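Peer 1: Task: produce atomic coordinates for the following.
(3 chains)
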Amino acid sequence: MIKAAEERAAKYAAILNDLRAKRPLVHHITNYVTVNDCANVTLAIGASPIMADAAEEAGDIAAISSSLVLNMGTLNSRTLESMIIAGRSANVNGVPVIFDPVGAGASKLRNDAAARVLSEVRIGVLRGNISEIRFIGGIGAGAKGVDADAEDANADAAEIALSLARRLKCVVAITGAIDAVSDGERTAGIENGRPAMSGITGTGCMCSSLVGSFCGTRGDSFDETVAAILSMGIAGEIAYEKTGNALGSFRAAIIDAISRLDAQTLVRRAKLYEA
Amino acid sequence: MIKAAEERAAKYAAILNDLRAKRPLVHHITNYVTVNDCANVTLAIGASPIMADAAEEAGDIAAISSSLVLNMGTLNSRTLESMIIAGRSANVNGVPVIFDPVGAGASKLRNDAAARVLSEVRIGVLRGNISEIRFIGGIGAGAKGVDADAEDANADAAEIALSLARRLKCVVAITGAIDAVSDGERTAGIENGRPAMSGITGTGCMCSSLVGSFCGTRGDSFDETVAAILSMGIAGEIAYEKTGNALGSFRAAIIDAISRLDAQTLVRRAKLYEA
Amino acid sequence: MIKAAEERAAKYAAILNDLRAKRPLVHHITNYVTVNDCANVTLAIGASPIMADAAEEAGDIAAISSSLVLNMGTLNSRTLESMIIAGRSANVNGVPVIFDPVGAGASKLRNDAAARVLSEVRIGVLRGNISEIRFIGGIGAGAKGVDADAEDANADAAEIALSLARRLKCVVAITGAIDAVSDGERTAGIENGRPAMSGITGTGCMCSSLVGSFCGTRGDSFDETVAAILSMGIAGEIAYEKTGNALGSFRAAIIDAISRLDAQTLVRRAKLYEA
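Peer 2: Below you'll find the predicted structure:
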């Protein structure tokens, strides 16, 4: 298994090298809780972040970017409009859109906003925790706030990702104890990561920023999303080996690990299953 | 003294264990300066944060939460409305409200906002520095910005907390060199903490988030507030022992200490006086 | 060279000591990406930050502050109005205004906003990267987002700073591999700093906050700006010696270095050229 995984992982490591050579510009409309971590993880992996949420510039910035990350974390009516404007501009300009429906299921505002984004913007990658994705998929969810519900975690993420990817015609990525990525044809499972990653805010958001960074590189969103999620999980493991459950240091150590991540480490540590 | 304090502290240590078993959902409407630290300290102590400030969802989120933290740090007219909506929803649903009047005394906007929150929302715990609390209490204050005024620091915090708690019919907590907590009947003084805590932004805000985390646990706001303020002070001491006045590392070390804080450490380090 | 630089640097070290004795209040209207770092670096150097962007209080807060920092990072129409109100209040009250035109050149919103700030507010110090300053100066720029363009970096920063300072009648500071500061008469070049500083978000914003902190001290904006930029560059070097390219730790180490920076270190490490 490990040997085969290494061979498969080599493809993702090559994408990491391409990312760093290209230095894609990643436009974010995101929440003010984890925005600093999102910007820093984007820089650490080798891309260039721009955070711009004013309606007056959202379309202009999206048009010149390599990818667009829409994150609902601290949504309001003003930023929702900007997300729609930026998303449409991205669609027109061939810029891939990553959608992170933070807290979907937790309030009518978020539920309606998620529905609107999905209906008015063509999404390239949908990334969320199991509760958020189950809510989006209409298959029941017991979300309590923005963290995944414990019972939801027992659901078969790979199956849900696959069926929702077929329905939405985009890549669906579910992160949790085992991550699942599907584009409706291919499906991958990733077992990297540590439970402590849910002990700090922003690991989900940072993962979406990495998806944005990788998706600005080549144009195969499935491979790029797998590369991003592998990178985040491996960085979490390396960081945890340094700091354990000292969560303030763990947060900084994740950025450290992303900034030092190289293709070789990615290949060696990947715990990857593809169907 | 130390021995007696240990016996009293055991009660607060038990609340910490209860908090971690319950994992309360803590709704914050807070400022964008320290919001990441607030979310991370809430996770580190064992609760689950949700930051949601849109008027359209503030009431819904407050209703399903275990406690609500209102923090005036970067107040504007939009978020003030959301605070009122969330506060009323919390009151109707029996959810305790923690109010942190950041910068009260520094501008008419903040003064008016604090008065409005206090008149339209039933507050469970009011937490601030001595300048903010003196302003709220109408007993003169020389606040310069959002940091406590040096002269105010000489005032008798315990006496002010007691009299204001009686007048406002809520728990009043004043943090500084010596912290004071009163519910109008009981009063506690806490001598944990380090001066370096005022050398980084957010220690006051984080303290309010801890109060919110603890107050979502049982229902005795006085005991829960004392437990929260003990936890913050002790974490500050442990962090300072690691980093000294290297303030960037000190900030991360506070979160480290909160994430590793156990009942035994809390009992052993508490410097607690009750009247 | 080194010896002469030490002699010149002694003047800036004295300003650092004055700053810490005075503890200036630094009003920021800034972006939500790096605001926490801005607040913490302001505290670490010895000043007191207040972040307040509501139009209702922007004028009041600016009037009682020692300096005002306007940063366009996540500009919107609401905060632009607040910047104008705060800037006018600062002008009326003799409070120096520092303007950081983040992303100037990247969108019409930012270009128009920069033009409006420069026409309606009397700026004391304009600080940006080479792409932003070239755009402001109307001498062509290839800005891609908020990071400096590689080709722009080859331009002669000192010459651009000097000519723009004469035209705008303010201090112009360009930070990059070699920093340049000019007030139209005097010009200084600073070679402190490390390339890794562009690998984390916020080093430019933090530099502007330091300029705000120093400019609240005495009243000679040229000397104070040089002192601020020296401090930032030296802190970057000290931090890099500790962490290398582990970018999460590097970020905290910069704040550590600022909080421990003393006059002697500033004098010893300064790489300063004056014309």
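
Peer 1: rest of the way, CA atoms for contacts and neighbours
Peer 2: Will do.

Peer 1: Residue nearest the middle of chain A, spatially speaking?
Peer 2: A:S208 (2.3 Å; C-alpha atoms, centre = their mean).

Peer 1: quick one: contacts for it?
Peer 2: With contact taken as C-alpha atoms under 8 Å, 6 or more residues apart in numbering or on different chains, A:S208 is in contact with A:69, A:98-100, A:127.

Peer 1: try it again with 10 Å
Peer 2: A:S208 makes contact with A:28, A:38, A:42, A:69-71, A:98-100, A:125-128, A:173, A:202, A:214, A:225, A:228-229, A:232, according to C-alpha atoms under 10 Å, 6 or more residues apart in numbering or on different chains.

Peer 1: any idea which element it lies in?
Peer 2: Using DSSP states H and E, the secondary-structure element containing A:S208 is helix A:203-215.

Peer 1: need the next SSE after that helix, C-terminal direction.
Peer 2: From helix A:203-215, the next helix or strand downstream (DSSP H and E) is helix A:221-243.

Peer 1: just the contacts of A:S208 that are near chain B?
Peer 2: The subset of the contacts of A:S208 within reach of chain B, by C-alpha under 10 Å from any C-alpha of the partner chain, is A:G202.

Peer 1: and the contacts of A:S208, which of them are in strands?
Peer 2: Secondary structure defined by DSSP state E assigns A:28, A:69-71, A:98-100, A:125-128, A:173 of these to strands.

Peer 1: Same list (those residues) but as a markdown table, adding pLDDT and neighbour count.
Peer 2: Converted to a markdown table, the ones in strands among the contacts of A:S208 look like this (pLDDT from 0 to 100; neighbours: other C-alpha atoms under 10 Å in any protein chain shown):
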| residue | pLDDT | neighbour count |
| --- | --- | --- |
| A:H28 | 98 | 30 |
| A:V69 | 98 | 28 |
| A:L70 | 98 | 30 |
| A:N71 | 98 | 25 |
| A:I98 | 98 | 30 |
| A:F99 | 98 | 28 |
| A:D100 | 98 | 27 |
| A:V125 | 98 | 29 |
| A:L126 | 98 | 27 |
| A:R127 | 98 | 29 |
| A:G128 | 98 | 27 |
| A:A173 | 98 | 35 |
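
Peer 1: and the stretch 51-200 of chain A, which of its residues are near chain B?
Peer 2: Within reach of chain B by C-alpha under 10 Å from any C-alpha, the stretch 51-200 of chain A has these residues: A:73-78, A:103, A:106-110, A:144-147, A:198-200.

Peer 1: burial count for A:D262?
Peer 2: The local packing of A:D262 (other C-alpha atoms under 10 Å in any protein chain shown) involves 16 other residues.

Peer 1: so how far is chain C from it?
Peer 2: According to C-alpha to the nearest C-alpha, to the nearest Å, A:D262 stands 13 Å off from chain C.

Peer 1: need the contact list for whichever residue of the stretch 51-200 of chain A sits closest to chain B.
Peer 2: Across the stretch 51-200 of chain A, the shortest distance to chain B (C-alpha to the nearest C-alpha) belongs to A:N76, at 5.2 Å. A:N76 is in contact with A:31, A:109-110, A:113, B:52-57, counting by C-alpha under 10 Å, 6+ apart.

Peer 1: and if you look at A:K242?
Peer 2: Contact criterion C-alpha under 10 Å, 6+ apart gives A:249-250, A:253-254 as the residues in contact with A:K242.

Peer 1: Now go through these and say which are in helices.
Peer 2: With helices identified by DSSP state H, the entries of those that belong to them are A:249-250, A:253-254.

Peer 1: out of those residues, which touch chain B?
Peer 2: Within the set of these, contact with chain B (C-alpha under 10 Å from any C-alpha) is found for A:249-250.

Peer 1: from the ones in helices among the contacts of A:K242, which is closest to B:D156?
Peer 2: Comparing these against B:D156 with C-alpha to C-alpha picks out A:S249 as the nearest, at 36.8 Å.

Peer 1: Count residues in the vicinity of the residue lying closest to the closest one once chain neighbours are set aside, would you?
Peer 2: Once its chain neighbours are removed from consideration, A:S249 has its nearest residue in B:A252; the separation is 5.8 Å (C-alpha to C-alpha, 6 or more residues apart in numbering or on different chains). Look at B:A252: counted by other C-alpha under 10 Å, it has 22 neighbours.

Peer 1: Double-check B:A252 against A:A252; I have them as touching.
Peer 2: Yes - look at B:A252 against A:A252 with C-alpha atoms under 10 Å: they come within range, at 8.2 Å.

Peer 1: anything in contact with each of those two?
Peer 2: Counting by C-alpha under 10 Å, 6+ apart, the residues touching both B:A252 and A:A252 are C:249, C:252.

Peer 1: got the residue ranges for the strands in the stretch 51-200 of chain A?
Peer 2: Listed in chain order, the strands of the stretch 51-200 of chain A (DSSP state E, counting those that start in this stretch) span residues A:67-71, A:97-100, A:125-129, A:171-175, A:179-182, A:187-190.

Peer 1: Distance to A:A21 for those strands - can I get that in a markdown table?
Peer 2: As requested, those are exported to a markdown table (distance: least, C-alpha to C-alpha, whole Å):
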| stretch | distance to A:A21 |
| --- | --- |
| strand A:67-71 | 16 |
| strand A:97-100 | 21 |
| strand A:125-129 | 23 |
| strand A:171-175 | 24 |
| strand A:179-182 | 25 |
| strand A:187-190 | 25 |
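
Peer 1: wait, which of the ones you listed is closest to chain C?
Peer 2: Between chain C and those, the shortest separation by C-alpha to the nearest C-alpha is 12.5 Å, and it involves strand A:67-71.

Peer 1: Is that closest one in proximity to chain C?
Peer 2: No - for strand A:67-71 and chain C, the contact criterion (C-alpha under 10 Å from any C-alpha) is not met; the two come no nearer than 12.5 Å.

Peer 1: Would you mind checking the residues of the stretch 51-200 of chain A next to chain B for buried ones?
Peer 2: Among those, those classed as buried by 16 or more other C-alpha atoms under 10 Å in any protein chain shown are A:73-76, A:103, A:106-107, A:109-110, A:144-147, A:199-200.

Peer 1: For these, point out the one with the lowest pLDDT.
Peer 2: Among these, A:K144 has the lowest pLDDT, at 61.

Peer 1: near chain C, which residues of the stretch 151-275 of chain A show up?
Peer 2: Taking C-alpha under 10 Å from any C-alpha as the test, the list of the stretch 151-275 of chain A residues beside chain C reads A:249-260.

Peer 1: Just the closest of these to B:Y240, please.
Peer 2: Using C-alpha to C-alpha, those come closest to B:Y240 at A:S249, 14.4 Å.

Peer 1: for chain A, which spans come out with low pLDDT?
Peer 2: For chain A, the stretches with pLDDT under 70 are A:1-5, A:140-144, A:149-155, A:275.

Peer 1: and if we set it to 50?
Peer 2: A:1 (pLDDT under 50).

Peer 1: Which residue does the stretch 101-250 of chain A have closest to chain C?
Peer 2: Proximity of the stretch 101-250 of chain A to chain C (C-alpha to the nearest C-alpha) peaks at A:S249, 8.4 Å away.

Peer 1: Could you count how many residues lie near that residue?
Peer 2: Considering only other C-alpha under 10 Å, A:S249 is surrounded by 24 other residues.

Peer 1: likewise A:E159?
Peer 2: The tally of other residues near A:E159 (other C-alpha under 10 Å) stands at 14.

Peer 1: And it, how far from A:L247?
Peer 2: Here the criterion is C-alpha to C-alpha, to the nearest Å. By it, A:E159 lies 32 Å from A:L247.

Peer 1: Over to A:Y32?
Peer 2: Here the criterion is C-alpha to C-alpha. By it, A:Y32 lies 20 Å from A:L247.
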